[in-house]
Each structure stands twice: as C-alpha cells, then as structure tokens.
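Peer 1: Give me a 3D structure for the following:
(chains A and B)
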2 protein chains.
Amino acid sequence: MKLQFTLFNFFQKLLFLFFCFFGIGESTTAQEDYKLWLQYYPIENVNLVNTYTSQIKGITAFGESQTIQIAQKELQLGLQSMLSSRINIEKNSDSKGLIVIGSISNLDDNLKQQLASQITSINNEGYIISSTSNNKKLLVITAKTDIGVLYGVYHFLRMIQTNQSIDNLAIIDSPKINVRVLNHWDNLNGSVERGYAGASLWNWQKLPDFIDQRYIDYARANASIGINGTVLNNVNANALILTPLYLEKVKALADAFRPYGIKVYLTARFSAPIEIGKLKTADPYDPAVQQWWKDKASEIYKQIPDFGGFLVKANSEGQPGPQNYGRNHVDGANMLADALAPFGGIVMWRAFVYSEHDADDRAKQAYSEFVPYDGKFRDNVILQVKNGAIDFQPREPFHPMFGAMPKTPLMMEFQITQEYLGFSTHLVYLPKLYQEVLEADTYSKGKGSTVAKIIEGSLDQHKLTGIAGVANIGNDLNWTGHPFAQANWYGFGRLAWNPSLDSETIANEWLRMTFSNNPNFVSPVLKMMLDSREAVVNYMTPLGLHHIMDTGHHYGPGPWVSDLSRPEWNPVYYHKADNNGIGFDRSSTGSNATAQYAPEVAKQYNNVATCPEINLLWFHHLPWDYKLKNGETLWNGLALKYQEGVNQVTTMQTTWEKMKSYVDENRFKEVQMLLHIQQKEAKWWRDACLLYFQQFSGKELPKGVEKPVHSLEYFKSLKFPFAPGNN
Amino acid sequence: MKLQFTLFNFFQKLLFLFFCFFGIGESTTAQEDYKLWLQYYPIENVNLVNTYTSQIKGITAFGESQTIQIAQKELQLGLQSMLSSRINIEKNSDSKGLIVIGSISNLDDNLKQQLASQITSINNEGYIISSTSNNKKLLVITAKTDIGVLYGVYHFLRMIQTNQSIDNLAIIDSPKINVRVLNHWDNLNGSVERGYAGASLWNWQKLPDFIDQRYIDYARANASIGINGTVLNNVNANALILTPLYLEKVKALADAFRPYGIKVYLTARFSAPIEIGKLKTADPYDPAVQQWWKDKASEIYKQIPDFGGFLVKANSEGQPGPQNYGRNHVDGANMLADALAPFGGIVMWRAFVYSEHDADDRAKQAYSEFVPYDGKFRDNVILQVKNGAIDFQPREPFHPMFGAMPKTPLMMEFQITQEYLGFSTHLVYLPKLYQEVLEADTYSKGKGSTVAKIIEGSLDQHKLTGIAGVANIGNDLNWTGHPFAQANWYGFGRLAWNPSLDSETIANEWLRMTFSNNPNFVSPVLKMMLDSREAVVNYMTPLGLHHIMDTGHHYGPGPWVSDLSRPEWNPVYYHKADNNGIGFDRSSTGSNATAQYAPEVAKQYNNVATCPEINLLWFHHLPWDYKLKNGETLWNGLALKYQEGVNQVTTMQTTWEKMKSYVDENRFKEVQMLLHIQQKEAKWWRDACLLYFQQFSGKELPKGVEKPVHSLEYFKSLKFPFAPGNN
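Peer 2: Next up, the predicted model:
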C-alpha cells in the first residue's frame, strides 16, 4: 500500500516534470525559436527511443581541442534531450555500443586500421560515420581534422532528430565547396542594410571584452550546417573596420568562432589608404598604396593568423575602386591579393557592377566588364557573382557570367535576406530558388555544364571555390524575424555544403528538426514551403517581370516610379509597359543580352516560342494580346498569375490553420499573423501592379481576378519613411 | 525485484528530468536572463516546499476579464514551477486551502462581507491578500478592480519567490503614485536615443498586424512591478507618430498592453500642426491650431479610448515650442490639456529647459522659467522634472523645483538607462540614487517635506501624481544589456509604487527572484549592488563634480572639452578647474543657485562648512589645498576618491568571482566580463580626469593612487564615432 502510494507520487512528479520539460510552462516567453533547428525535442515514438537507447551506451571522445570538447558536449546535450536519458562519457572505447568521436590520428590503432581506406576519400572538412564490424558495435565519427569530426557529429544528430535508422552506418561525406560564407551587410552603427530581423549581432561597443553568448550560438548554428566563414561588415564598407580599435574587436570574434571552424573575413573599402592611411591616393599602381595594404594585411594576420581575407565592392553604386584612378578590376583585385597571399588570404571581388556612364542594358554590364579579364586574376582571387544579372529578384535567369570565365574561379552570391521578397514578413522558402539556379545548364562545356559544377570547380578544375549568402540574421529573438526564414539560413548552409542537394529534402529535414517529425505536420507544411517561392513570384513579378518594387526601401510595388536620376534605377526601365505591350526586349532584336549565354541557351531565350514563360518578359517585349501557351492573352495571363499568387498565400494560411496542435503556441501565432500580413501585401502587389499596367493594356480584368478595392492613386500615395534595412 | 528495478528507473528518469528542468542542459543558449525577475525557480528548501504545498491546494478565479485570466495563468505557472507540482484550477471556493482571486464585486457574498471593511482602505489599483478566518483556510487575493487583483497576485508570487511565510496573511497595499510610466526614447527608425540594449522593442514595420510575443512579455514584466503606463516614442519627437499610419500601430500596442493595466502615451511634437497638419503655424493662440489638436485628440481616442495623454519636450535643446510664437509654457501646455481634457487625458510637460540666450547658471534656468507659473496650469497638466537640475549625473542635489511649486503637480523623471553612468556595461544599482533623491528634504513646508511626499501629492494635496523612468530596455536577449541593469527597471517600478521603499529591500527581493535565495549568494551580492552607485560616483565625478564626460555620445571622460558652441555644453563650464582650484561656485558669492532652495537647505548648501562633501564642488569653487573633513587637501582627497572608485570595482569583481556556483553559467560569465570592462573604464576615468586636473593643481598624486599608464594626450585622442545611443 505504502509502496503503491510512493509509486503513484513518482508518476505524478514524472508527468509534471515531463510537462515542464516540454516547455508548456514556458508559454509566456518567446524563446522556442531562438533554438533554431537545434531543438533536440524528445522523440515521441517510444519504440524508436528504445532502439536508439539500446544502440547508444555512451560517448568516448579522443582529442583535447576545444572543437572536440564542443563536439562531445553537443552530442551529449542532443542525445540526452532527444532520448530523455543520461548519456555517459567514457574514458576509453572498450565497452559496447559507444559513440567514438575523434580525428583519425587520435583514434586507437585498431580503429585507425579499420578506417584507413575510407579516410583517404574525404577532404579536410569531410567526415566518416561508420559502425564497426567487430562485436563491440561501436559507432565511429571521425575525420582528418577535429572540425570534420564536429561536422560528422551534427550529421549524426540530424539523423536522430529526423528519426532515421543508425544501423550499420557507412557514411562518407565531404563539402563540395571550400569557402562557404555568410555576408553580413552590417554597419558599424549597429544597423543592417537590407536587414529585417533587428539590429546587428555585433555589439562593437562591448567588444572585445564582452563575448555575447549569442556569438557562440551563432557559430554553433553555422557549424551545424557546415558554414565555415563570415564576412562581418557591409560591402558598402566603412574603412574604420581596418583600424586597430576595430581589429582588436574583430580578433575577439575570430577567437570565439575559431573552435566552430568559422573564419572571419572583412570587407575592404578601396579608398581606406586615404581615409585611415593618410595617403593622397588609393591608386593600385602607387607603391605606397601597395605597401600600405601589405602592412595592413600583416597587421591583421598578427592578430588573426587564420584571417580569411577581403570581400570588395569596388566601382559599384558609388563605391570607390581602381577605376577612380584609371585602373581596372584586375589591377585592384590583384593588388589586394598580393597583400594577402603571403598569409594565405583570398580576395572575393564582387562582379555586381553597372555604370551610369554605360547606356547599355544593365543586365549586360557585369559580363561586358569582367569576361574580357578571364584568366588575368591572381590565384587567390575569386569573383563573387550574384545568381542573376540584375539584383536578387524573385526570379532571374542565371547570370551569364557563369560559364563565361572558365579560367577564373567564380563564387555564387545568393541573398538570404529578403530584400525583394517580402522582408522578414513573407514566408518564402528560398532553397527552391537556389536549386533552380544551381541546376541551370550553362552549356559552357556542352550539356550538363550546370552552374553548380562551375562553382564547385569541377567543370573547369578550380581549386579555389566558394559560395556566399547575404545573411538574414539580426538580433531578433528568433534570429531571422520570420520563423520560416530560419529555413533559408539552414538551406543555404546545406546547399553550400552540397549544391546537388534537393530543396525538398532540406525542407523536410528542417521541419523535423525545428518543429516535429509528425507526418501530419511535415507533409502539408512541406508542400506549403515548396510552393511559397512560386507564390511570391506570382504576386510580385510573374512571367519574367522584375525590379518593379518601390524605390529606396524596396517595400511594396512601385511600377510607376520613373523619376530617379539614373534610368536603370527606375522600374519603368525594366517593364517597359506601353500601349503596345510589356517586357524588356533582350533578344537579338533588342539589347541582345541573350548573346551573352552559350549558343544553346541563347537560342532558347532568344526565340519567344522557346523562351520559358517564367522568363518571358525578362527577354521579350510582347503585345498585350500575345497568346500564352495556355491560350490566354498576355494581359489575362498576367492578371491571372497575380491572382494565383494571392490564392497560393490563402492556401498557405489554410494549411497553417490546421497545424495548431503540432506547434508551440508562440510560433503558431507568429506564423499565423505573418501569413495574414503576407496575404494583405500579396493583394497590394496584385492590385497596384494590375491597376498600373491596365492603363496601358486598356483591358478589363479577366474573370477570376478580384477587383481592386483601392485606386492607383491610393497605392501611389503610400509612403514608408522608416521602412527597415534602408540605410 | 522487478518492482525495485522499476522504482530504480523512475529514480533515474526523475533525476535526469530535474537536471534538464534546472536548465543545465540549456547551457548552450543565452535565454535565462530573458525571464527577468520572473524566473520562478523551483524552491530548493524541501521543508518549505512541503509547507507551501500543504497550504496551497488549488486556484479559484472569479471574473471573466482577460486580466483575471492572466492572473490565474500567472499564478498557476509560477506556483507549479516553484513547487514542482501541478496546481489545479477549481470552479468554486468550497474546498479547503484554495487561493481565491477576483475583484471584490465578483467574490461570493460570504467573502464580500469578510472583506467589506478592508476594501474601503485601498484605491482602485490597490489589493488585499487575506487568509480567511473560517475553517476553509482560503487565501483571498482581491481588489476593487481586476488590475488590482493582478498586482496582488504578483505580490503573492513574490512572497513565494522570496521564500516568505504565507501564514495568516492580512496584506493591504495601494500604489502611492497614480501615473507610473516608462519613457522610451525610441525613434521611428528603430534606434533608441541613449539606449544601450539593442534596438527599439517596437517593430513599427510589422505593426499593427504582428504582435510580437515580446510586447506581451514586456507588459507582463511591467505589470509585475506595478508600472501602469508607457510613453512609446522619443521626447525628441517625430510628428509622424500622430499620423493615421502610426496611430493604427499604436492602437495595436495599446490593445496588447491593456489587459496588463498599461496605458499608452505618446510624445507630441509641438510643431506637428505644421509638419503633418499642413497649417502655417503651431501658435497655441491660433484657433486653427487649437482645433487641430482637439481633432487629433478625438481621432486618437476613437481608436484608443484609454489613451493616457501626451509627454512634451518643448523649447528645449532645439525642440519647437510655444516660445517660437512668443507664448510661454503655460500657453502651450494648457492648449494641449484642453484638447485632451474631454477624454480624460493628461499632459506631462517637461521642465528640462535651458536657453542659449540665458547667460545664467544652467542649473538655475528651469526653476527661473517655471516657478513663476505656479498654479497657472490646467488640472490635467503635470510638470515632469528631472531628479537634478543638470542632467542625470551620477550624483546631483535634488532639483530646486521640488517644493517650489506647491500649486502645481510635479512628477519625477528618473533615468533608468545609464547615459552618464557607464551605459549597459557598468554595474550600477540605481534605486540607491533614486532613494537618495526621494528622501531628500526640501523643507518647503518645514522639516520632513521630502521629495517623495511632493511627488506623492501628500504634501500639497494633489490628486494628479506621477513618476517617469527613462527606459533602459531594448531588444537585447536580456532586455537591458547588463543582467544587473534589470534591477534598475525592477527597482524603478517598485519605488514608483511606493517611494518609501528601501533600496536594500528592493535589491534583496530582486536577487532572490532573479538568481537565488541562497544567503551565501544574496548577502555578498546585495552588498555589491548597494556599494555600486557610490563606486561610479567616485571613479567618474566625486565630491560634487558633474558633466565632465566626453561630448555627444557621453562615453568616457572629457573634462578637457571646451570648444562646443554653447558654453553650458562644455565640461569646463561645470568643473571650472584652474590654478586656484576647482568647482562651480553656486553659493551667494557665485551664481547663487543655492537661493532657489528653501532657506534651511539654502543655508546648508551655501556655507562650505555645512555643505555635504558629496556635493562640495557642485556648490563651491575651492582651492586645491582646501582641507576636507578627513584632513586631506582637496587635491589629495579628490585623487583618493577616484582611486577608491577603482578599488570598489575591484572588490565587486572579487565578490562576483566567488558566486560561480550559485549562478547559471551564462549570466556568471556575462557579469564577469562586464565587471572586467567596468574596471578598465573606471581606471580610464580616474587617470584621464586626474591627469587633466593635475595640470591645474600642479601637485603629485598622493600615496595610494596608482600612476596612470597613458598620457593625457592619449586619453584626449580617443574617438568613438559609433558609440551607441547617440542619435
């Protein structure tokens, strides 16, 4: 009797503690989504828990480095949380069912021999996850380096998070790209250009002596998806970042990030020798300037021995550069490259240039300017090229520079922050966009010459390879402003590691790690994510339209804007709507931008009949009554696409409403509110654009398209003086 | 055997879950301090838990309002977390040992009668916590309003958090001040003037449709300490906040805050009728202007029926005001008051004025300008007066306006953000400063006419009473940048509720609620907090020095600054150091500011022999060899005070190093790093100020004062272009 009673009490307490542990008691604080995809939720499937528990008896770590300690701690934290039971740390690997982690050189000879052959097939960041054949049934996570081991640990934890089997594992994996970096457009005053998730993470005021735990959590999150570098400051750079006052702070961040395998890079303002060096010029031919950069580089490397290098935006949108001195991009990039070379640093030179003095189609200018220089850059220079030729639009055809410079390493610049895709308010799953670009075939070496192969370096045998994502991270509690924007950070990292990954696989992983493994949640929400990118294209810029957002802040539609000083800053420059039709003729009858692509691609884009309709108005100016493949006129088709976009958001709302029981209260409400705003803004885009274009088409809205409730004048009158990210 | 085994497993799981629950598994995320003083840690003392558990059998709530639901949820959340057991919600109050909550009108007749007499002794926000005499042993938390009940619930939870007995409770409490508001100096672009904890909490971009959980948590934290209003925007106001676009957003915040008893106020830019009203003037005598404000008020109240009113900074530091039109402060304040009166709104008119056209001592100008208007303001106008006559210095004598305007309600303006006290980097417990001011005796109606009695309205029988704190809150994870800065927010709220509270009592509460009840932690850290304010005075501005910080950003020392356009902006104006001595002669031989105080106070300050040494150089210019009470010369005494300040910070560090075992890892490290910075900066202040003043004293540093390691030129050369809070 007494005993039963005790048991009963235990039950009670146990239930209660579970109840607390699952965070129900926490519903008054908004902290769930701070944890990103590293929630490590206790696994609900009891059988699965028992299986895992029977297979995992403890952890043995070989090696002393901070990185190995982090790997061990993470493994223990994750497993204990997911299996709701203690995981012990063992000194040696004698007992059965242990997870053994450590770089190959630190493993015991027995294990070394077993893995000797496999280890040769990975690179320095790769890893092996292997179940041993012997009766000990050990599970070994090893690599050539401790960082490789950490990556392997995160892979293993991801398998448990997504409830995969860990029987007889023989996983061999390496990243396909060397430089996998985030670009932070963070200003020294704490603001973030095109940032929609609060202020900059970097608290320059409190650095170097205060290391915010958030810096560690940032590094940890990046390491968990294989990101290995970060450019701390805005490409529109302030030279002060290169002064001793700031370098001391940068060093502190580099020290904090190092154990997580993350190198620090800085943007270099080309005119820094004048602004902080007190020189009269920044001419790359001037020996004093060259020496100044050499000295600056050695000053940096004295403090940060593994400093990654410089990212440079030169002679672009008013930034200074070599052309200010009659030199060219090669002169500028190579000078910086020579300064960094002795220390192993690289220069990431941005190809995002277009000139107010060049009357040619803006989409052609980067190609025209850089392609002639193919092969002229130093070995430690890599050109950073945006995915499309304009500027991070909801959809662009792949940038013609990809495939056009075989003798020069090109790195991809994707934008993770949603400058043109609804800020942090719209749910848009970007890996779908990234995949579309990476799979695009440039035909530069015949069929199958995908963009992915070019940036992987496999197509043109480049050793230096890279990919950059413009971060969507700020100091908001949930990092990215929108809970689902975390998936874009996650997805970028996963694709940077392996550009051949499928965006659906990535979304599936992310949902299970971030929310739940319950199929009743995963499958509908997965569909919602996968459809979301096409939705934003439809309600903002369907059929190849682009750059028709409002000016400066880029918030909302502004197809009517035509009064900006530079023609190519005006939306009217891009849609060219008139009574005869709409679209930018980039075919041979127009700007002939199509000619910048390989013949096979050029031919397809050039001919309106073969040009994919998703890019139709990007390449062609067509009459309003042009017949689309579905038989609709261009005007009707355009209007119906806008409506379809709005409908897709409505569907997203319907889907989410059904998910209440699978998600914590805070995130459910957050997404619910954000989808509501997204729908309002989708209608805003549809109505404003259609009312504006209707002036030229002179046609009624087709059946099925809702009538606007406001006038065009109303939409034109909207002003947003403090829209975020606009500095 | 089998049974034992099961039991053993239960033990294991139980221990593990406790271990998780106590957050040890969470050490990789910095979220502990997001919870502020509402941690609700499980009580460690098992006997105490049993006592509480035997006394608390459940909760019964009477009433349907959101506020009551919040009170019930909070009570359940807090008790469950602290007692680690389920607390049930009961429908009625029949069973024994229940906590009954609800406003008096909603209680059953039996309870109504029992409490009838007590209820008359509280005001509308007060509450009663009473154990019933009958055998049911109920614990009743009631009030005249549901908000009062919520305040009572937080009081009760605080008792449990601080491990107090709840036997035979008969608590009757009411706030002594009506308007208890935070002033947010938040700009519409998301920056916070003098804010050192990240960006503004208010995400204007996503409002009104996105209600960040953080808004709720903010309201909750404020309600828990009795704050009942918030001024959302900067006193250096932007008129756009009064446009429909923003009022819609303000309404959304007001709706979110209302259930927590928090009213929303806005700062009104005096020139708004011109800037957004398209009028030619903002002259308060102009009928069109008067009408514009009347219309604006009714527009606001249509959306926010309980809108609190306007806070106005007029004709101060370049802000527009009635004087631009040859009118005075009464004209301006009364015009706005008339517009708000029909709706019950108030005007908080700031007295922080000093003019570039007035050559008189800046410390005298607010008094000179406002005191003549005593009794001329409308009933719904209250003057907001800073605690001192200059500007939130580490120490100032109380503002002479307190006591000088008996016919006019005055409200206190304290600064919670540490503009002049080390930003969010220095640990400074401000309630010690607040208490010093509140206890100061103005002698306006004879001995005992304390500042507290004046702002409580008890001295001059004012119905309208208020207190404002300039918020130190931003969107940092821990709200205030420094974990201990949370205590300043907390302490302000507690003193706003009851200005007679002792700052030591408040610090003791806060420590127990925020960290631990363990006396080995509480008593040393309590001492550290209580000493911290005198420390900052010592290492920044000892013996009555003031306003000698560097220019603009106010970060670090700048006693040498003398080149600013307005004389009273220069530190040299305030310390007046020369070869003859140092200090501002405000006695009858000087600016005669002492004459602005009541005779008893004036006499004391005026005479160097009776003037408290803590204010010595505020009121007197004295020779370097002036003898202090301790026998030291002024120069030596000054130097030794600076050294003492540094030593006090060292002692704080020593204390904190011993606290590791009582605090979670993150907060321990945070405070450790911040104290390290504080010590560096304390030395910076000491060395820079002493080197500068030494030029005039021409004397050696006394024994016991460390020699500076840098030169005066070095300190002068330091520049901080991006110091936070400086917009």
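Peer 1: for the stretch 351-500 of chain A, what spans make up the helices?
Peer 2: A:362-370, A:431-439, A:451-456, A:486-497 (DSSP state H, counting those that start in this stretch).
Peer 1: Quick check: which of those helices is nearest to B:Gly326?
Peer 2: Closest of the helices of the stretch 351-500 of chain A to B:Gly326 is helix A:362-370, at 55.6 Å (criterion: Cβ to Cβ). C-betas here are computed from N, CA, C, even on glycine.
Peer 1: Looking at the helices of the stretch 351-500 of chain A, spot the one closest to A:Ile473.
Peer 2: helix A:486-497 (6.6 Å).
Peer 1: Can I get the helices of the stretch 351-500 of chain A in JSON lines including mean pLDDT, distance to A:Thr480 and mean neighbour count?
Peer 2: What follows is the helices of the stretch 351-500 of chain A, written out as JSON lines (pLDDT from 0 to 100; distance: least, Cβ to Cβ, whole Å; neighbours: other Cβ atoms under 10 Å in any protein chain shown):
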{"stretch": "helix A:362-370", "mean pLDDT": "97", "distance to A:Thr480": "29", "mean neighbour count": "22"}
{"stretch": "helix A:431-439", "mean pLDDT": "98", "distance to A:Thr480": "14", "mean neighbour count": "23"}
{"stretch": "helix A:451-456", "mean pLDDT": "98", "distance to A:Thr480": "24", "mean neighbour count": "25"}
{"stretch": "helix A:486-497", "mean pLDDT": "98", "distance to A:Thr480": "5", "mean neighbour count": "26"}
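Peer 1: Format the ones you listed as TSV; extra columns: distance to chain B.
Peer 2: What follows is these, written out as TSV (distance: least, Cβ to the nearest Cβ, whole Å):
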stretch	distance to chain B
helix A:362-370	29
helix A:431-439	23
helix A:451-456	32
helix A:486-497	14
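Peer 1: Same list, the ones you listed, but as JSON lines with distance to A:Asn92 please.
Peer 2: As requested, the helices of the stretch 351-500 of chain A are exported to JSON lines (distance: least, Cβ to Cβ, whole Å):
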{"stretch": "helix A:362-370", "distance to A:Asn92": "57"}
{"stretch": "helix A:431-439", "distance to A:Asn92": "42"}
{"stretch": "helix A:451-456", "distance to A:Asn92": "40"}
{"stretch": "helix A:486-497", "distance to A:Asn92": "32"}
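Peer 1: To B:Leu564, which of the ones you listed lies closest?
Peer 2: Between B:Leu564 and those, the tightest spacing by Cβ to Cβ is seen for helix A:486-497, at 45.5 Å.
Peer 1: immediately after the closest one, which helix or strand?
Peer 2: In the C-terminal direction, the helix or strand that comes right after helix A:486-497 (DSSP states H and E) is helix A:503-514.
Peer 1: for that following helix, which positions count as buried?
Peer 2: By neighbour count, and taking 16 or more other Cβ atoms under 10 Å in any protein chain shown as the criterion, the buried residues in helix A:503-514 are A:503-504, A:506-514.
Peer 1: Contacts only, for A:His553.
Peer 2: By Cβ atoms under 8 Å, 6 or more residues apart in numbering or on different chains, the residues touching A:His553 are A:720, A:723-726.
Peer 1: cutoff 10 Å now
Peer 2: With contacts defined as Cβ atoms under 10 Å, 6 or more residues apart in numbering or on different chains, the neighbours of A:His553 are A:194, A:419, A:423, A:719-726, B:205.
Peer 1: If you rank the residues you listed by neighbours, which is first?
Peer 2: Ranked by the number of neighbours (other Cβ atoms under 10 Å in any protein chain shown), the contacts of A:His553 place A:Phe423 first, at 28 neighbours.
Peer 1: Let's verify the nearest residue to it once chain neighbours are set aside: helix, strand, or coil?
Peer 2: Spatial nearest neighbour of A:Phe423, excluding adjacent residues (Cβ to Cβ, 6 or more residues apart in numbering or on different chains): A:Tyr196 at 4.2 Å. The three-state label given to A:Tyr196 by DSSP: H, G, I helix; E, B strand; the rest coil is coil.
Peer 1: next one: phi and psi at A:Tyr196?
Peer 2: As for A:Tyr196, its main-chain torsions (degrees, to the nearest 10) stand at phi -130, psi 30.
Peer 1: Could I get the pLDDT score of it?
Peer 2: Predicted confidence (pLDDT) for A:Tyr196: 98.
Peer 1: What residues does it make contact with?
Peer 2: The neighbourhood of A:Tyr196, defined by Cβ under 10 Å, 6+ apart, consists of A:417-419, A:422-425, A:472, A:474, A:476, A:480-482, A:485, A:555, A:723-725, B:203, B:205-206.
Peer 1: gap between it and B:Asp283?
Peer 2: Applying Cβ to Cβ, to the nearest Å, one obtains 41 Å for the distance of A:Tyr196 from B:Asp283.
Peer 1: ok, now A:His155?
Peer 2: Taking Cβ to Cβ as the criterion, A:His155 is separated from B:Asp283 by 71 Å.
Peer 1: Return the list of helices and strands in contact with whichever strand or helix holds A:Ile141.
Peer 2: With the criterion set as DSSP H and E, the secondary-structure element containing A:Ile141 is strand A:139-142. In this structure, strand A:139-142 makes packing contacts with strand A:58-61, strand A:98-101, helix A:109-119, strand A:127-131, helix A:146-161, judged by 3 or more Cβ pairs under 10 Å, 6 or more residues apart in numbering or on different chains; DSSP states H and E.
Peer 1: try 7 Å
Peer 2: Under the contact criterion of 3 or more Cβ pairs under 7 Å, 6 or more residues apart in numbering or on different chains; DSSP states H and E, the helices and strands touching strand A:139-142 comprise strand A:98-101, helix A:109-119, strand A:127-131, helix A:146-161.
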